[in-house]
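**Q** Below is the sequence, then the predicted model.
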Amino acid sequence: MIQKQQSMILSAYSEIYDLVVPKDNVLRKLNELVDFSFIYDELNDKYCHTNGRNAIDPIRMFKYLLLKTIYDLSDVDIVERSKYDMSFKYFLGMAPEESVMEPSSLTKFRKLRLKDKNLLNMLINKSVEIAIEKKIIKSNSIIVDATHSKARYNQKSPKEILMDRSKKLRKSVYEIDESMKKKFPSKSTTNKLEDEIEYCQKLMDVIKNEETISEYPKVKEKLNLLKENVNDDIEHLRISEDEDAKIGHKTKDTSFFGYKTHIAMSEERIITAATITTGEKNDGKQLEVLIEKSKEAGMEVKTVIGDAAYSEKGNIEYANENEMKLVAKLNPAVSQGNRKKEDEFEFNKDAGMYVCKAGHMAIRKARQGTKDVAKNQVDTYYFDIEKCKVCPCKEGCYKPGAKSKSYSVSIKSDEHSEQAKFQETDYFKEKSKERYKIEAKNSELKHRHGYDVSKSSGLVGMEMQGAMAIFTVNLKRILKLMG
């Protein structure tokens, strides 16, 4: 059963917060900045209102997840820290002497209360609403880009993943006491997942019994993370890989296995919209969605700034129809021109090659035709014929017995001709200088809030992780701009 409002702190020790949590503490500032009562409205239908014992306050549960994102800690460590960190207790709305909940409650909250909720749009819209209310957002331009996150399993077998995690734990122990090697159980020599899970559990038991070792912060954090992952793996690791994750390409020679987060951000560095897709999706195809989401969040959009991935013909036409300026430098190969089967092949701007619907990238390209004549030049992209022969999507794409498979693209159109002229204007050149800001934001998400790797399996889990990470960086930015 859910209470209708957050209970007041009634404690003789409450005044201690005035002494130990200063006014410039970031968590005190967040409490003052955000009215978290919107969580009640959003999760109202996920709780029973008439039967059962009182549930843990959903605002407190949400704040726990926010703390977990801010400090990039496991469920166990974030709850453990809330036992003694007064700034945590103040932020969570707890009395100084109040006991904490069980860490497993956070897992239940994520699975039962946040399931089927569009958390990504909800939290971005809320943070943009606060930024507009505080008069933080003054520009009418958005900067767009995509950043990738590797899948949790990263195309490894479940056994390989557990071996890697247990290795990191052992290494942290050896840095303190190498003699612990003699006490550790023998490593699994089979290829069975169950045996590796059993080894990890024995390893954790040995370390837990050595209190002088297990209480070291660097050991304790790795121990708790491994424990959290093993418990999750027992339930989920029967699947050998993340079924939602897909292979994407960063350059012609490098790829990743995971997801993409497509982001729109104001010039003030407030993220106004985001979509999360599988790794192989094209950046440019997400532009219209990002613009429309930014508008729904309350952002006025007159200029869109992006890289060459967004200079597709369709995006230029959309910008013109909506009286927007598209500050995206042309790449001839991005031109939609007179291409056939354009839904089956998408351009990867990082690698400079086309990718077919099966995820195979072209291995070389050649330009045909003469420049500056009536007939447009054409870029022809050639695919690995051996892959085409066994491709599950070969029907209607590969002709049996063919010695090559290619895809040709016209590199000129009227829309791109007009865009080329716009590229030479002072306005275009000045606005292009703003693009570096979104690269810095992507770096912040990855390096400060663990967004370089998905923390759970599946697109839904990635969207939840993205929602909390983006909400966090937006609130931090608002606080900074407010001084």
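**A** Noted; the coordinates are in hand. Numbers count the residues shown, from 1 in each chain.
**Q** where are the low-confidence patches of this structure?
**A** For the chain, the stretches with pLDDT under 70 are 1-9, 48-53, 153-158, 229, 232-243, 252, 332-343, 369-376, 411-413.
**Q** tell me how far the ends of stretch 404-422 are from each other?
**A** 39 Å (Cα to Cα, to the nearest Å).
**Q** So which residues of the chain form strands?
**A** 141-150, 246-249, 255-266, 271-278, 303-306, 325-328, 345-348, 353-356, 364-368, 378-383, 405-410 (DSSP state E).
**Q** would TSV of those strands with distance to L225 and mean neighbour count be doable?
**A** Heads up, the C-betas are built off the backbone N, CA and C, glycines and all. Shown next, in TSV, are these (distance: least, Cβ to Cβ, whole Å; neighbours: other Cβ atoms under 10 Å):
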stretch	distance to L225	mean neighbour count
strand 141-150	16	24
strand 246-249	26	20
strand 255-266	19	24
strand 271-278	23	24
strand 303-306	36	24
strand 325-328	40	24
strand 345-348	34	21
strand 353-356	35	21
strand 364-368	44	12
strand 378-383	41	19
strand 405-410	45	19
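**Q** Could you say which one of the ones you listed comes nearest to I470?
**A** strand 271-278 (5.1 Å; Cβ to Cβ).
**Q** neighbouring contacts of the closest one?
**A** Strand 271-278 is contacted from outside by 120, 124, 127-128, 137, 142, 244-246, 248, 259-266, 286, 289-291, 293-294, 297, 299, 441, 459, 462-463, 466, 470, 473-474, using Cβ atoms under 8 Å, 6 or more residues apart in numbering.
**Q** residues near the spatially closest residue to G461 that is not a sequence neighbour, how many?
**A** Closest residue to G461 apart from its sequence neighbours, by Cβ to Cβ, 6 or more residues apart in numbering: S454 at 6.7 Å. Neighbour count of S454, defined by other Cβ atoms under 10 Å: 25.
**Q** heads up, I number from 49, so please use that
**A** Got it, first residue is 49 now, which makes that one S502.
**Q** my guess is S502 meets D292, correct?
**A** No - with contact defined as Cβ atoms under 8 Å, S502 does not reach D292; the gap is 9.3 Å.
**Q** Can you check which residues contact both of the two?
**A** Counting by Cβ under 8 Å, 6+ apart, the shared contacts of S502 and D292 are Y307, M510.
**Q** Show the contacting residues for the nearest residue to A406 once chain neighbours are set aside.
**A** Sequence neighbours aside, C441 is the residue nearest to A406 in space, at 4.5 Å (criterion: Cβ to Cβ, 6+ apart). C441 sits next to C404, K405, A406 when contact means Cβ under 8 Å, 6+ apart.
**Q** Could you pull up the residues touching I261?
**A** Per Cβ under 8 Å, 6+ apart, neighbours of I261: V221, I224, D225, M228, I255, V267.
**Q** Let's see which of those end up in helices.
**A** V221, I255, V267 (DSSP state H).
**Q** now those as a markdown table including distance to R76 and neighbour count?
**A** Shown next, in a markdown table, are the ones in helices among the contacts of I261 (distance: Cβ to Cβ, whole Å; neighbours: other Cβ atoms under 10 Å):
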| residue | distance to R76 | neighbour count |
| --- | --- | --- |
| V221 | 37 | 24 |
| I255 | 36 | 23 |
| V267 | 31 | 19 |
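**Q** what's near enough to touch the residue nearest to G509?
**A** Residues in contact with S502 (Cβ under 8 Å, 6+ apart) are S197, K198, A199, R200, D290, A293, G306, Y307, G509, M510, Q513.
**Q** and of these, the nearest to E482?
**A** The nearest one, if we look at the contacts of S502 relative to E482 and count by Cβ to Cβ, is S197, at 24.2 Å.
**Q** bridging residues for that closest one?
**A** Y307 (DSSP bridges).
**Q** From what I see, it and G306 are in contact.
**A** Yes - shown here, S197 and G306 form a contact pair, counting by Cβ under 8 Å, at 5.2 Å.
**Q** what touches both of those two?
**A** What both S197 and G306 touch, as defined by Cβ under 8 Å, 6+ apart, is the set V501, S502.
**Q** which strands and helices sit next to the top helix by length along the chain?
**A** Longest helix in the chain by number of residues (criterion: DSSP H): helix 507-530. Contacts defined by 3 or more Cβ pairs under 8 Å, 6 or more residues apart in numbering; DSSP states H and E place helix 507-530 against helix 74-81, helix 106-119, helix 167-181, strand 303-314, strand 319-326, helix 484-497.
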